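Novice: predicted model and sequence below, questions to follow.
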Amino acid sequence: MRRRAAAAVTAAAALALAGCGGADSGGGAELSVGSAYMPQPVSDMAAGFLTITNDGGTADRLTSVSSDAAGEVTVHETVDGAMRQAESLDIPAHGSLVLESGGNHLMFEQLKRKPKQGQKVSVELRFDRSDPVTVEIPVKSATYVPKTGH
C-alpha cells in the first residue's frame, strides 16, 4: 500500500492524484483520489469534480470537505436533475464515488479568491471511517470537459 501511496503522490504533481487515506488492519477502506479538476470559476462559486476509489473491503462515506480557497465547501448530490446539499455520500467497498459534472459534485461557496486556469486548489476530504485526504485540484478552463473518466 505504501508503494501505491508513493506512486499516487508522485502522480499528484502531474495528474492531481492523491494517495491513500487511512485503513484499519481488518480489511478496511483503502481510499485513493483521482481525476480531480475544477473549472475556472466565473462567479463567487465554483464546482469541483473527482473520483474516490475504495480498494478495501469496507465501505466508507465522504462526510465533509474544506478548502482555504472558500468560506464553505459543500457536498451536493443530483437527484432527478435537481441539485441538493448532501450530509454525506457513500463510497462502496471495492467501488468508487464519482463526483462529475451533471451529477454529484463539490460546491465551493464564498470564494476567497478566484483561482485561475493552471493554478491548484487544496482541499481536505474527510470520511466517516478513514483518515482525511488532502488533494490538490488543478483549475482547468471554464469550459473544460474531461476526455476520459467522468
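Specialist: Perfect, I can see it now.

Novice: drop to CA atoms for contacts and neighbour counts, all remaining ones
Specialist: Noted.

Novice: any idea what sits nearest the residue nearest the centre of the chain, other than its immediate chain neighbours?
Specialist: Nearest to the geometric centre of the chain sits Leu50, at 4.3 Å (Cα atoms, centre = their mean). Excluding its sequence neighbours, the residue lying closest to Leu50 (Cα to Cα, 6 or more residues apart in numbering) is Ala36, at 4.0 Å.

Novice: so which helix or strand takes in the one you found?
Specialist: Using DSSP states H and E, Ala36 maps to strand 31-39.

Novice: which other residues reach whichever helix or strand comes after that strand?
Specialist: Where DSSP H and E defines the elements, the next helix or strand beyond strand 31-39 is strand 46-54. Here strand 46-54 makes contact (Cα atoms under 8 Å, 6 or more residues apart in numbering) with 29-41, 91-101, 105-109, 111, 137.

Novice: now, of those residues, which are buried?
Specialist: The neighbour count (16 or more other Cα atoms under 10 Å) marks 29-41, 91-93, 95-101, 105-109, 111, 137 as buried among the contacts of strand 46-54.

Novice: now stretch 91-106, how far from the centre of its chain.
Specialist: Distance of stretch 91-106 from the chain centroid (Cα atoms, centre = their mean, to the nearest Å) equals 9 Å.

Novice: give me the residues contacting it.
Specialist: Contacts for stretch 91-106 (Cα under 8 Å, 6+ apart): 29, 47-62, 73-78, 81, 89-90, 150.

Novice: now the terminal residues of that stretch, how far apart.
Specialist: 15 Å (Cα to Cα, to the nearest Å).

Novice: check stretch 53-71 too.
Specialist: 27 Å.

Novice: ditto for stretch 113-130
Specialist: 30 Å.

Novice: what's in contact with it?
Specialist: Counting by Cα under 8 Å, 6+ apart, 21-23, 29, 31, 39-41, 43-44, 60-70, 132-141 sit against stretch 113-130.

Novice: narrow these to just the buried residues.
Specialist: For the contacts of stretch 113-130, a burial check counting by 16+ other Cα under 10 Å picks out 21-23, 29, 31, 39-41, 60-67, 69-70, 132-140.
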